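**Q** whatever this is, show me its structure:
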Amino acid sequence: MPALTFLAFDYGKTSIGVAVGSTLSGQAQDLATVKSVSGQPDWKHISTLVQEWQPQGLVVGLPLNMDDSESPTTTAAREFGNRLGDRYNLSVHMVDERLTTVAARRSLAQSAVPMRRHKSRLDRVAAQTILQTFLDEQTRADLKREP
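**A** Purely as a prediction, here's the structure:
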């Protein structure tokens, strides 16, 4: 199976974290933070990232409540995913993102990143966590298919 590159997005109304990863390395890396104004993403910035990384698919975090119910943020993330798919003609995979911000905060706390810089990196690291979850699921699915 050829290596596939993915961009992942942690959608938010004011900022969107972006990460990149591939099935070859099985690793996700935080990449950028895209600003949103009045809920409108900076599509020029996203287009630049898509053009630079040439992903074969996109991953969007799906913010579900702990009881599996949906919220207005869930709807907004789905709409963002649909817009990404339509705009770039790529498949979009929605991934449960519960507790990714908690994991991202923990990861930043364990790193040498000063507390004052956590906010600027939090969305990117959350996107990285979302993408790592997706890549790990792909690896498990591939292992189940092998004879």
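**Q** not counting its neighbours along the chain, what's nearest G12?
**A** Of all residues not flanking G12 in the chain, D123 sits nearest, at 6.3 Å (CB to CB, 6 or more residues apart in numbering). Glycine gets a C-beta too; all of them are placed from N, C-alpha and C.
**Q** got the buried residues for the one helix or strand L49 maps to?
**A** Here L49 sits within helix 43-53, counting by DSSP states H and E. Neighbour-count burial for helix 43-53, counted by 16 or more other CB atoms under 10 Å, picks out I46, L49, V50, W53.
**Q** where do the helices sit along this structure?
**A** For the chain, the helices defined by DSSP state H occupy 43-53, 72-88, 100-110, 115-145.
**Q** worst average pLDDT in those?
**A** Least confident of those, judged by mean pLDDT, is helix 100-110 with a mean of 58.
**Q** now do the contacts for F80.
**A** F9, Y11, I16, P41, V60 (CB atoms under 8 Å, 6 or more residues apart in numbering).
**Q** over to A28?
**A** Here A28 is in contact with A8, A19, V20, G21, A127, Q128, T129, I130, L131, Q132, F134, L135 (CB under 8 Å, 6+ apart).
**Q** in these, find the pair that's most separated.
**A** V20 and T129 (13.3 Å; CB to CB).
**Q** who has more neighbours, those two?
**A** Neighbour totals were compared for V20 and T129, and T129 leads with 27 against 21 (other CB atoms under 10 Å).
**Q** one step back: which of the contacts of A28 has the largest number of neighbours?
**A** Neighbour max across the contacts of A28 (other CB under 10 Å) = A127, 34 neighbours.
**Q** how near is it to V18?
**A** Computed as CB to CB, to the nearest Å, the A127 to V18 distance reads 5 Å.
**Q** shared neighbours, these two?
**A** Shared contacts of A127 and V18, defined by CB under 8 Å, 6+ apart, comprise A8, F9, D10, D30, L31.
**Q** all good on my end, thank you.
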